[in-house]
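>>> Sharing a sequence plus its predicted fold:
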Amino acid sequence: MQENRNNQHLPEGNRVTEGIEEKWEGTNEQWWNWYLSLADNGGVAPAPEPLGSPGFDASALKDIRVLTREELRAEMAEPYPLTEEQIQRFQAESYIRLTGFFSAGAILLLRQEALRVFYSHHEPDPDRRFSSMELMWLENEIIREIVTGRRLGQLAANLLRVPRVRMYHDDFLCKEPGGGRTPWHYDGHHYPIASRNIGTAWIPLQPTPGRMGMLELSKGMETHEIVREIPFDKFAQEHDRAIAEQLVARAVEIDQRPFELGEISFQHCLNVHGASANVTSAQRLAYGASYFEDGARVVDSPTLVSGDWQKFMPGVRSGEPIRSPYNPVVYDGGREG
């Protein structure tokens, strides 16, 4: 293990030990760089130049009218028609995909605003292979309308079968051309929240074909037990490689279908998933928003895998209920009617 401590993406303070039972010493941007370094890309480094097809027909997006704010507000206030069969399937399979959850105009408005906010904080960098930014909703009213709106909040509450949900955080995720894989994981391993009633909406911001960094979703709520059996390696790719081998050995079904514009997925925190490399010449843009049941507390001992979690719930300490201003209630079924 000593030679593996050369992982330069780990903050120096986190290279001293071999375990994860310690505080993350860097920023969340550094966390993403470290975490992606743990992905097994088959011994081949991500391509330094864009590869393959353009990914999707960007010119087609120009023909779609972006929603006005009033139109967006009305769409976000409208519940998505979810059936009991869909909820049961989610509870069994650990994720669900929903076509037409957003209108094309809403997706393009979110795409436009997310890019504007991101590049107001970051210079373009041709060497960057993965870009991310959290808490955009705090500085952008359009994004806030979407991630704190009833449409997503009620979806989360219904799928998780809880009466009230709060926001954990949002996350803009850009897999740049040539960006490598995202390692296999389940979010419950990362989130420092003492509850299993947590879920994340993954919102692609363009039609997303398989070669563009496709989300890879395993089926089965129990599949996370495979990951729990495998020791975590914070220095190298052994953990990701071992999970992939076990998923094949146990014949776990993986959903790798392309996403249509307006389609989203919603993953339970126990869903095991990853993402493929982006071998197109286009950015794969996605927006994530995570929700948890009201009343949940911070775990007693968060680990470095949770990154800078206090950024998402300022002032909340280990063991305390999560009720910071950054974690508003976004749906309360008890107030219906």
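Cool, got the structure.
>>> Now the most centrally placed residue in the chain: closest residue in space, sequence neighbours ignored.
Nearest to the mean C-alpha position of the chain, by CA atoms, centre = their mean, lies Gly288 at 4.7 Å. In this structure, Gly288 finds its nearest non-sequential neighbour in Asp171, 4.2 Å apart by CB to CB, 6 or more residues apart in numbering. C-beta coordinates here come from the backbone N, C-alpha and C atoms, glycine included.
>>> what separates that neighbour from Phe312, distance-wise?
Distance of Asp171 to Phe312, given as CB to CB, to the nearest Å: 10 Å.
>>> the more surrounded of those two?
Between Asp171 and Phe312, counted using other CB atoms under 10 Å, the more crowded position is Phe312 (24 against 21).
>>> for the more buried one, what are its contacts?
Going by CB atoms under 8 Å, 6 or more residues apart in numbering, Phe312 touches 134-135, 168-169, 326-327.
>>> Scan those residues and report the most crowded one.
Tyr168 leads those on contacts (other CB under 10 Å) with 26 neighbours.
>>> Pretty sure that one sits in a strand.
Yes. Tyr168 forms part of a strand when assessed by DSSP: H, G, I helix; E, B strand; the rest coil.
>>> Over to the nearest residue to it once chain neighbours are set aside. Which of the three states is it?
Spatial nearest neighbour of Tyr168, chain neighbours left out: Ser290 (4.1 Å); criterion: CB to CB, 6+ apart. Assigned with three-state DSSP, Ser290 falls in the strand class.
>>> Dig out what Ser290 forms beta bridges with.
His169, Thr200 (DSSP bridges).
>>> re the thing from before, out of the contacts of Phe312, which is nearest to Asn14?
Glu134 (19.9 Å; CB to CB).
>>> isn't that closest one right next to Met167, touching?
No. Checked against CB atoms under 8 Å, the pair Glu134 and Met167 is beyond contact range at 11.4 Å.
>>> So, low pLDDT: which residues of this structure?
Judged by pLDDT under 70, the chain has its weakly predicted residues at 1-5, 43-51, 336-337.
>>> That one: helices as residue ranges?
28-36, 58-61, 69-76, 84-93, 104-121, 141-147, 150-160, 224-228, 238-249 (DSSP state H).
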